[in-house]
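**Q** pasting the sequence and the predicted model now:
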Amino acid sequence: MTLDLSGRVAVVTGASRGIGYFIARELAAAGAHVIAVARTVGGLEELDDQIKADGHGQATLVPLDLTDMAGIDRLGGAIHERWGKLDILVANAGVLGVISPIGHVEAKTFEKVMTVNVTSTWRLIRSVDPLLRLSDAGRAIILSSNAAHSARAFWAPYAASKAAVETMMRSWAHETESLPLRVNAADPGATRTAMRAQAMPGEDPETLPHPSEIARRIVPLASPELKETGLIFQAKHNRFVAYRQPE
Ligand code: NDP
């Protein structure tokens, strides 16, 4: 079944490259108006050009550093003023920090990972939750990672940040389960992006799925028909799980 998101307004963070870029393109291709957030203006402009070339949907570009919490609050206000609602939130932006023994992680690195991956996600949820409730079928997709569960050696800051956002997602889903709003996490699995290359420099990227393929699997979570809430969608396996074992 083809996904029709015409008339729907979507925020995608981390839309300048990687998985977020392709999620934004897929949402636009389904007819959504995409509010694309990231710091790199060049990447956002490339997305805008591509969406125009694809011939569907539209984009509004928001160059914003997500460590700017007041900026996140302003974004919610601006969306309210222009559209009076939000239909889709894709909280995708994230940073890896460093792969290192926990005792060697610098304080500023740990704090950056927590600020971008956790605090800014909470702040964004706080900013747009009232707008998602105004939609007839609000959908939130929070990007997570198997690292949240595998607790792999040397990945502590990133793993802890993803465990935090997943738990936050589940609390939010419980709070909203009687509403039309559906809130889920998406675990893309190992994907050919800059972040993965930083984590696994020795790996051949050609062995990994392209982010466009992963984005195509994740975007149906924005469908007004979606029933699931409070779950984790594993893109690699194309399935929802409530809890998971480390892979
Ligand atoms: P990339 O590093 O390719 O892209 C990260 C995106 O986040 C960029 O668009 C970047 O934009 C944005 N971003 C980072 N910091 C900030 C900031 N301070 N303010 C605004 N935007 C910011 O990562 P991926 O595409 O690989 O990852 C996307 C999501 O998927 C992440 O949440 C990641 O944890 C998760 N994930 C990825 C996996 C993988 O194998 N790739 C596996 C499991 C989970 P800019 O620099 O322009 O600001």
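**A** Arrived safely. Residues are numbered from 1 along each chain as shown.

**Q** the residue of the chain found nearest the ligand: neighbour count?
**A** Going by C-beta to the nearest ligand atom, the ligand is nearest to Gly18 of the chain, at 2.3 Å. The C-beta positions use only the backbone N, C-alpha and C, and glycine is treated the same way. Using other C-beta atoms under 10 Å, Gly18 is surrounded by 24 other residues.

**Q** phi, psi of it?
**A** Its backbone dihedrals place Gly18 at phi 60, psi -150, with angles given as degrees, to the nearest 10.

**Q** also the one 3 residues further on?
**A** Note on Tyr21: backbone dihedrals following degrees, to the nearest 10 are phi -60, psi -50.

**Q** so it sits right up against Leu27, yeah?
**A** No - under the criterion of C-beta atoms under 8 Å, Tyr21 makes no contact with Leu27, lying 11.1 Å away.

**Q** between those two, which one's more packed in?
**A** Counted by other C-beta under 10 Å, Tyr21 and Leu27 do not tie: Leu27 has more neighbours, with 32 against 25.

**Q** one step back: can you pull the contacts of the residue of the chain closest to the ligand?
**A** If you count contacts by C-beta atoms under 8 Å, 6 or more residues apart in numbering, Gly18 has them with 191, 193-195, 211.

**Q** which of those come close to the ligand?
**A** 191, 193-195 (C-beta under 6 Å from any ligand atom).

**Q** list the buried residues of stretch 49-56.
**A** Neighbour counts over stretch 49-56 (16 or more other C-beta atoms under 10 Å) mark 50-51 as buried.

**Q** tell me who's in contact with the residue nearest to Ala32 when sequence neighbours are not counted.
**A** Excluding the flanking residues, the one nearest Ala32 by C-beta to C-beta, 6 or more residues apart in numbering is Leu5, at 4.0 Å. By C-beta under 8 Å, 6+ apart, the residues touching Leu5 are 27, 30-32, 57, 87-88, 222-223.

**Q** among the residues you listed, which are in helices?
**A** Applying DSSP state H to the contacts of Leu5, the entries found in helices are Leu27.

**Q** highest neighbour count among the contacts of Leu5?
**A** With neighbours taken as other C-beta under 10 Å, the top of the contacts of Leu5 is Leu27, carrying 32 neighbours.

**Q** and the pLDDT at it?
**A** Looking at Leu27, its pLDDT is 98.

**Q** okay, now the closest residue to it other than its chain neighbours: neighbour count?
**A** Spatial nearest neighbour of Leu27, chain neighbours left out: Ala10 (4.9 Å); criterion: C-beta to C-beta, 6+ apart. The number of residues packed near Ala10 is 27, by other C-beta under 10 Å.
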